[in-house]
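1. Sequence and predicted structure, then a few things I'm wondering about:
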Amino acid sequence: MQLSLSGPKSKFFHLRGSNCRFYKLSTLSGLCTKQKLRLEKGTTMERATILLCLFGFFKELRPSEPFLTPYLKGPDKNLTEEQVTNEIYPVWTYTYFPALLVVFLLTDYLRYKPVIIFEGFTLILTWVILVWGQGVVMMQLMQVTYGLSTAAEIGYFSYIYSVVPQDRYRKVTGYNRSIVLVGRFAAAVVAQVLVSTNLVGYFALNCFSLGSVSVAFILGFTLPTARKSLFFHKDEANHKKLLDVASKGDIEGRLTRENQEDGSDIVEDIHSTSATQGRGNLLASDRHYGEDTVLCVDGDSTAPTDNKETVYNFEPEESAADLRTSRCCQRKFTCLSTLKQLGCNLREAYSSEVILAWSVFWAFAKCGNSQAGNYIQNLWDIISPSSQHSVYNGAVEAVTMLAGALVSLLMGHVKLNWSVVGEMTLGIVSLGMSALLFAMATTDNIWVCYVCYVFYRTAYQALITIATFEVAKNLDKALYALLFGMNTFAALALQTALTAVVVDRRVLATPVTAQYNVYGAYFCAIAAAYLLKSVFTCTRAGWRESWRNRWVTAVPDDEGSTAE
């Protein structure tokens, strides 16, 4: 059977058995369409990047955060030190830990945007409770919503990779992370200025934060929807094209490929098997042709010769049902195969001794740093109570973020061979961080505590930067998000255990000053482990050889990591 299409627009459709051929004259139209699609794609990428940066800025513009503990212990909430430290703050860790694994998988499956909107919504709930809630239970609920928003933050950092090409990953990553630091820095500076000048109180700062996260929530709805994701929707675009062709009959747009530069006609052959012949009939039958088109069966003497449409008998209903069934089965198979592949990829990645060593440090250091950062305001308030003295929490946080950003940038230009001297560097700097934590736990001078905290956080940023690009250097690009997600999950597991034993009122209920002695001992243990490992590594390789190889001998690779 032969099926022909013709008309004044010079379009021809030919169907014979299981072979289909499509001809499209006038390549000028195709070139214009291609140029239009490229323009629309570029506009979408720029719009997504700008809107996501605005979302990140406003969600981080929370000037109340540096003064959260004084606010909770002040006349607005009237909570005690023990309630804040041992009953309220641990809830955040308990929520963040289980939520991260669920959100990690849902973020990819839902293709990011719903998770970004959810983050904005939970941030609004957090500050609504902070502004109008009263009592320990309500503040614990506030920590639950804040933990959910922290877990959902993965959607913000992952979304942009689904809407921009891979060659722009580094640039947009810099935009996203820089705008987060800008938002936090601006919030800390604004908060300190407002508090130091007595223009507003802590309650007004929380109202300001509520307004800022509300703006971020609204911006979340304006983000373009991602059509693909890293794991669950790798081939979603191709599958969607097939379904769109079947349902809309968009044959010309879907099957016409790159137009030839010389303007020649484009011919495409589609060879379908007998099992898919019904689908080919469906494609033809669902196409809506204009009045200038002739549709006829070859060899039919009764076929019209004017520009009218001849209706013929195909069976699209059965083919459409087959497609829907196939799509459902494919989704189930994709989910199962994806989860299985994730497990295989993790085993393969962690089988590398280098990746495992740096990942272990990354997880342990992140755990200790999170604990020290979570309770630092409590320590400051004990050394210098906010009800009796002026506090400079915002200024200290601003200086800390600025110093951390500068040292992270500097580490990218240090020419040391971290595969040789990295373990020793981790051990020595971790030992220094341990000493700083012990100093913060024992001092009665708030300025000494402030300075020690700035140096501690700066040292942490330096080490975590080294660990991050050393892991990335030895890892396949496709596994970045997966491995660092699992490292974060491991860090949260350690942090949950540490919180449950050291902080929780049902176990040790350790006071804040004693907690920092525990954290100092924690980093001391990390330092001892990596110093011993570095001694063993250098002894096995030879101390003179290790000393000669302490500098890099190759140009850094494309990822900005240090090559050996």
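-> Here it is on my side, so go on.

2. in the stretch 451-564 of the chain, which spans are helices?
-> Along the stretch 451-564 of the chain, the stretches classed as helices by DSSP state H, counting those that start in this stretch are 480-498, 512-541, 543-548.

3. Buried residues of the last one, list them for me.
-> By neighbour count on 16 or more other CB atoms under 10 Å, the buried set for helix 543-548 is residue 546. From N, CA and C alone the C-beta is placed, and that goes for glycine too.

4. can I get the CA coordinates of that helix in CSV?
-> Included here for helix 543-548 are C-alpha records, laid out as CSV according to Å, rounded to 0.1, in the frame of the first residue of the first chain:
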residue,chain,number,x,y,z
TRP,A,543,60.9,10.7,52.5
ARG,A,544,63.3,12.2,50.0
GLU,A,545,61.1,11.2,47.1
SER,A,546,58.1,12.6,48.8
TRP,A,547,59.9,15.9,49.4
ARG,A,548,61.0,16.1,45.8
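
5. JSON lines for the helices of the stretch 451-564 of the chain, including mean pLDDT and distance to residue 189?
-> Written out in JSON lines, the entries for the helices of the stretch 451-564 of the chain read as follows (pLDDT from 0 to 100; distance: least, CB to CB, whole Å):
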{"stretch": "helix 480-498", "mean pLDDT": "86", "distance to residue 189": "28"}
{"stretch": "helix 512-541", "mean pLDDT": "92", "distance to residue 189": "26"}
{"stretch": "helix 543-548", "mean pLDDT": "77", "distance to residue 189": "44"}
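
6. Spatially, what comes nearest to residue 84 if we skip its sequence neighbours?
-> In space, residue 84 comes closest to residue 72 once its chain neighbours are excluded; the distance is 5.2 Å by CB to CB, 6 or more residues apart in numbering.

7. so the one you found makes contact with residue 81?
-> No: in this structure, residue 72 is not within contact of residue 81 by CB atoms under 8 Å, at 9.8 Å.

8. May I have the phi/psi pair for residue 416?
-> Backbone geometry at residue 416, expressed as degrees, to the nearest 10, gives phi -70, psi 150.

9. how many neighbours does it have?
-> Here the number of neighbours of residue 416 (other CB atoms under 10 Å) works out to 15.

10. Now do the helices in the stretch 51-200 of the chain.
-> Per DSSP H, counting those that start in this stretch, the stretch 51-200 of the chain carries helices over the ranges 68-73, 81-82, 89-110, 113-132, 136-159, 169-196.

11. so which of those helices gets nearest residue 486?
-> Closest approach to residue 486 among these is made by helix 89-110 (8.7 Å; CB to CB).

12. Which strands and helices lie in contact with that closest one?
-> Judged by 3 or more CB pairs under 8 Å, 6 or more residues apart in numbering; DSSP states H and E, the packing partners of helix 89-110 are helix 113-132, helix 136-159, helix 353-374, helix 480-498.

13. okay, those helices in TSV with mean neighbour count next?
-> Supplementary listing: the helices and strands packed on helix 89-110 in TSV, determined by neighbours: other CB atoms under 10 Å:
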stretch	mean neighbour count
helix 113-132	21
helix 136-159	21
helix 353-374	20
helix 480-498	19
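
14. mind putting those in a markdown table, distance to residue 165 included?
-> Converted to a markdown table, the helices and strands packed on helix 89-110 look like this (distance: least, CB to CB, whole Å):
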| stretch | distance to residue 165 |
| --- | --- |
| helix 113-132 | 19 |
| helix 136-159 | 15 |
| helix 353-374 | 27 |
| helix 480-498 | 16 |
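
15. so which of these gets nearest residue 92?
-> The closest approach between residue 92 and any of these, judged by CB to CB, belongs to helix 136-159 at 4.3 Å.

16. what angle do the closest one and helix 113-132 make?
-> On the basis of axes from the mean of the first three to the mean of the last three CA atoms, to 10 degrees, helix 136-159 is oriented at 150 degrees to helix 113-132.

17. Low-confidence regions, this protein specifically.
-> Counting by pLDDT under 70, the chain contains low-confidence ranges at 1-42, 166, 169-170, 228-335, 338-339, 476-478, 481, 551-564.

18. how does it look with 50?
-> Counting by pLDDT under 50, the chain contains low-confidence residues at 1-26, 28, 31, 37, 235-318, 555-564.

19. returning to that earlier point: pull up the gap between the residue nearest to residue 84 and residue 52, please.
-> Spatial separation of residue 72 from residue 52 under the definition CB to CB, to the nearest Å is 32 Å.

20. any chance of the helices of the stretch 51-200 of the chain in CSV, plus distance to residue 466?
-> Formatted as CSV, the entries for those read as follows, by distance: least, CB to CB, whole Å:
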stretch, distance to residue 466
helix 68-73, 31
helix 81-82, 36
helix 89-110, 24
helix 113-132, 29
helix 136-159, 20
helix 169-196, 17
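
21. For residue 381, which of those is the nearest?
-> Distances from residue 381 to each of these were compared using CB to CB; the shortest belongs to helix 68-73, at 5.3 Å.

22. For that closest one, enumerate the helices and strands it packs against.
-> With contacts defined as 3+ CB pairs under 8 Å, 6+ apart, helix 68-73 has these neighbours: helix 202-221, helix 376-383.

23. Can you dump the C-alpha atoms of it in CSV for me?
-> Coordinates of the C-alpha atoms in helix 68-73 are reproduced here as CSV (Å, rounded to 0.1, in the frame of the first residue of the first chain):
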residue,chain,number,x,y,z
LEU,A,68,18.9,33.5,66.8
THR,A,69,20.1,32.4,70.2
PRO,A,70,19.8,35.9,71.8
TYR,A,71,16.3,36.1,70.3
LEU,A,72,15.2,32.8,71.8
LYS,A,73,16.7,33.5,75.2
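
24. what residues does that helix touch?
-> If you take CB atoms under 8 Å, 6 or more residues apart in numbering as the criterion, helix 68-73 is touched by 64, 77, 79-81, 84, 88, 130, 139, 202-203, 205-206, 377-378, 380-381, 386-387, 391, 393.

25. List buried residues within those.
-> Among the contacts of helix 68-73, those buried by neighbour count (16+ other CB under 10 Å) are 64, 77, 79, 81, 84, 88, 130, 139, 202-203, 205-206, 377-378, 380-381, 386, 391, 393.

26. Skipping adjacent residues, who's closest to residue 127 in space?
-> Across the structure, with CB to CB, 6+ apart as the measure, the residue nearest residue 127 apart from its sequence neighbours is residue 210 (3.9 Å).

27. how near is that neighbour to residue 125?
-> Residue 210 is 10 Å from residue 125, where distance means CB to CB.

28. And residue 487, by the same measure?
-> Shown here: residue 487 relative to residue 125, a distance of 28 Å by CB to CB.

29. Please apply the same query to residue 108.
-> Residue 108 is 24 Å from residue 125, where distance means CB to CB.

30. likewise residue 96?
-> 15 Å.

31. same deal with residue 460?
-> Between residue 460 and residue 125 the computed distance is 30 Å (CB to CB).

32. So what touches stretch 188-204?
-> Surrounding stretch 188-204, the residues in contact under the criterion CB under 8 Å, 6+ apart are 63-67, 70-71, 74, 76, 131, 205, 208, 390-395, 397-398, 401.

33. Can you turn the buried part of the residues you listed into a ChimeraX selection?
-> Those of the contacts of stretch 188-204 that meet the burial criterion (16+ other CB under 10 Å) are gathered into one ChimeraX selection, given here:
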select :63,64,65,66,67,70,71,74,76,205,208,391,392,393,394,395,397,398,401
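
34. What about residue 501, how many residues nearby?
-> Other residues near residue 501 number 12, with proximity taken as other CB under 10 Å.

35. Also residue 517?
-> By the other CB under 10 Å criterion, the neighbourhood of residue 517 contains 16 residues.

36. which residues touch it?
-> With contacts defined as CB under 8 Å, 6+ apart, residue 517 is in contact with 437, 438, 441.

37. From what I see, the first one and residue 515 are in contact.
-> Put plainly, it is residue 437. No: under the contact definition of CB under 8 Å, residue 437 does not touch residue 515, with a separation of 9.7 Å.

38. quick one: the residue nearest to residue 400 when sequence neighbours are not counted and residue 405, what's the gap?
-> Leaving aside its sequence neighbours, residue 400 sits nearest to residue 457 (CB to CB, 6+ apart; 4.7 Å). Taking CB to CB as the criterion, residue 457 is separated from residue 405 by 11 Å.
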